[in-house]
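A.B. asks: Sequence and predicted model, in that order:
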Amino acid sequence: GAGRIKTSHYFVLPVVLALMLAIATAVEFTQIFFAPRTVSINDLIAESLGSLGGIALWVFGRHRLLHLWLSFRQGGHQSIVAVLGAYGLFYLAQSLFPFDVVVSLDELKWKLSSDKYALFIAGDGASLFRALARLLGEVAAIMPLGVLAALAYPRWGQSDKGSLRRVFIIGAGLGGCLEFAQFFMASGVSQGLSVLMRAGGLTLGVLLGQGLRRWGIGFLARFIRQLRPLLFVPYVLALAALAGWFNEAWYPLSLFTASLAEVRVMPFYYHYYSTEPEAMASLLANMAMYMPVGLAVWVGRLPRAKRASRSAGAVNPRRGAVRVTAVAAAGLALFIELGKVLAPSKHPDFTNVLIGAVAAMLSYLFMRWLEGALAEKADVSSSNPILADVDYEGVVGSGVDPGDDSGVDSSVAPISGDTVSNDRVTARVAP
């Protein structure tokens, strides 16, 4: 629960900590019997620190987390602020994962002698195409922060040159801090070009957020719809290139069946035998590769969804569209993975079919959520959007569902919470 901590709760915390330490010890002990796994006291220390961090988060941060959840359930402007906070935490965490901090002088000397840092671009052995894809991924990863920040705080990052210059400086500062922190991670790659990519991505995100505020979600849908036919073939070719189709000559087609028989189809089998940084990098890269499928389905279903929502007794089109998104992404990922069967230095990983389907569904659902959030009424000012005056303990204690919208005025208003006439509201949110 999220109410006040009773005295008895403090006596339970050591029991919870002991249970977590027992689980961590059991996991490390069990790994002795699995040949490819290694047992390390550092892992046990990290798991113990994670247990302490979880307990501290519950003791000191549960109210804040509840605020974010209730804000998300509230919808509209409040949910945008909640998602901004959640995505910001996720972005910071994935930027520093797996938190393999350099803790000794020998490790620091090793890092200084490596090629994992450079003033402009680090030479980590990646091809030019993959290096470019990684830089574009850095831009794409930070853009949602700019979009959500512009939607949540309209005065921050207005489209004049001075405001955008400040946004770029903020992005460069954030990128510089992350690159500096990555230097002290054993698996981290630090380079000056990434600072510029993060700053540019944040600025582009703010510009896109300002466009969504002015013209609504429809302008973005129309833009993507116009580009979709032109980008389909280059998109599939880019997926094939990233999968290594064109690295070298393929085996003869007669070897397809024999090569396919050697592939392990157990989910996450190959992730299990790789390092944590490589597994996470592969997961995020494959998610990014197939998220555009969700955008394409959202763009295609948007006009039909609007027509269906206006018809009496229409079935909610979201469920069918989610299935279409999953099937389309899974089919495309299966096609890409099967192409690896004949690639000499590659092997198919059918886990990517599952990852692609989930990633496409997430991108589709995110756009549906954003579409609804922009249309819902904001109940608080953007300068204080976290529902600070709500008695959350009273809400939880009363058993009332925070998402209950009964009695709430559902008329559409600008997401900034400004009070204007109904005519102006209709004009602003009309597609």
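C.D. replies: On my side now, so go ahead.
A.B. asks: pLDDT score for Gly61?
C.D. replies: The confidence metric pLDDT takes the value 76 at Gly61.
A.B. asks: by contact count, what packs against the host helix or strand of it?
C.D. replies: Taking DSSP states H and E as the criterion, Gly61 maps to helix 41-74. Packing contacts for helix 41-74, counted by 3 or more CB pairs under 8 Å, 6 or more residues apart in numbering; DSSP states H and E, involve helix 7-30, helix 76-96, helix 392-398. No exception for glycine: its C-beta is placed from N, CA and C like everyone else's.
A.B. asks: what's the least confident stretch among the ones you listed?
C.D. replies: Comparing mean pLDDT across the helices and strands packed on helix 41-74, the weakest is helix 392-398, with a mean of 39.
A.B. asks: show me where the chain has strands.
C.D. replies: Residue ranges of the strands in the chain, as given by DSSP state E, are 117-118, 190-191.
A.B. asks: Which one, of those strands, ends up nearest to Leu135?
C.D. replies: Go through those one by one with CB to CB and the one that ends up closest to Leu135 is strand 190-191, at 9.3 Å.
A.B. asks: Contacts made by the closest one with the rest, please.
C.D. replies: Judged by CB atoms under 8 Å, 6 or more residues apart in numbering, the contacts made with strand 190-191 from elsewhere in the structure are 116-122, 179-180, 182-183.
A.B. asks: For that strand, give the mean pLDDT please.
C.D. replies: For strand 190-191, the mean pLDDT works out to 87.
A.B. asks: swap in stretch 101-115?
C.D. replies: Taken as a whole, stretch 101-115 has a mean pLDDT of 83.
A.B. asks: CA-only coordinates of it, as PDB, when you get a sec.
C.D. replies: Once side chains and other backbone atoms are set aside, the C-alpha atoms of stretch 101-115 remain, and they are given as PDB (Å, rounded to 0.1, in the frame of the first residue of the first chain):
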ATOM      1  CA  VAL A 101      31.300   1.000 -13.100                       C
ATOM      2  CA  VAL A 102      35.100   1.100 -13.200                       C
ATOM      3  CA  VAL A 103      36.000   0.600  -9.600                       C
ATOM      4  CA  SER A 104      39.800   0.100  -9.600                       C
ATOM      5  CA  LEU A 105      42.900   1.900 -10.900                       C
ATOM      6  CA  ASP A 106      43.700  -1.100 -13.200                       C
ATOM      7  CA  GLU A 107      40.300  -1.000 -14.700                       C
ATOM      8  CA  LEU A 108      40.700   2.700 -15.300                       C
ATOM      9  CA  LYS A 109      44.000   2.100 -17.000                       C
ATOM     10  CA  TRP A 110      42.400  -0.500 -19.200                       C
ATOM     11  CA  LYS A 111      39.700   1.900 -20.200                       C
ATOM     12  CA  LEU A 112      42.200   4.600 -21.000                       C
ATOM     13  CA  SER A 113      44.100   2.100 -23.300                       C
ATOM     14  CA  SER A 114      40.900   1.000 -25.100                       C
ATOM     15  CA  ASP A 115      39.200   2.500 -28.200                       C
END
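A.B. asks: May I see the buried residues of it?
C.D. replies: By neighbour count on 16 or more other CB atoms under 10 Å, the buried set for stretch 101-115 is 102, 111.
A.B. asks: Could you number the chain from 10 rather than 1 from now on?
C.D. replies: Understood, numbering begins at 10; the last thing we discussed is stretch 110-124.
A.B. asks: Please name whichever of the helices and strands packed on helix 50-83 is nearest to Glu257.
C.D. replies: Nearest to Glu257, of all the helices and strands packed on helix 50-83, is helix 85-105, at 31.6 Å by CB to CB.
A.B. asks: The closest one versus helix 50-83: what angle between them?
C.D. replies: Computed by axes from the mean of the first three to the mean of the last three CA atoms, to 10 degrees, the angle separating helix 85-105 from helix 50-83 equals 170 degrees.
A.B. asks: Work out the gap between helix 85-105 and the centre of the chain.
C.D. replies: Distance of helix 85-105 from its chain centroid, counting by CA atoms, centre = their mean, to the nearest Å, is 9 Å.
A.B. asks: So for that helix, what gets flagged as buried?
C.D. replies: Residues of helix 85-105 classed as buried under the neighbour-count rule (16+ other CB under 10 Å) are 85-94, 96, 100, 104.
A.B. asks: Same check on stretch 239-255?
C.D. replies: Neighbour-count burial for stretch 239-255, counted by 16+ other CB under 10 Å, picks out 244, 248, 251-254.
A.B. asks: need those in JSON lines with pLDDT, can you?
C.D. replies: Listed next are the buried residues of stretch 239-255 as JSON lines, based on pLDDT from 0 to 100:
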{"residue": "Tyr244", "pLDDT": "93"}
{"residue": "Leu248", "pLDDT": "92"}
{"residue": "Leu251", "pLDDT": "88"}
{"residue": "Ala252", "pLDDT": "88"}
{"residue": "Gly253", "pLDDT": "85"}
{"residue": "Trp254", "pLDDT": "88"}
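A.B. asks: which of those residues lies closest to Leu183?
C.D. replies: The shortest approach to Leu183 among these belongs to Leu251, at 26.9 Å (CB to CB).
A.B. asks: residue ranges with poor pLDDT in the stretch 310-440 of the chain?
C.D. replies: Along the stretch 310-440 of the chain, segments meeting pLDDT under 70 span 312-328, 385-440.
A.B. asks: one more time with 80, if that's ok
C.D. replies: Within the stretch 310-440 of the chain, the segments meeting pLDDT under 80 span 310-328, 354, 384-440.
A.B. asks: What distance do you get for the residue in the chain sticking out farthest from the centre to Leu347?
C.D. replies: Centroid-distance maximum for the chain: Ser263 at 40.9 Å, with CA atoms, centre = their mean. Separation of Ser263 from Leu347 (CB to CB, to the nearest Å) stands at 16 Å.
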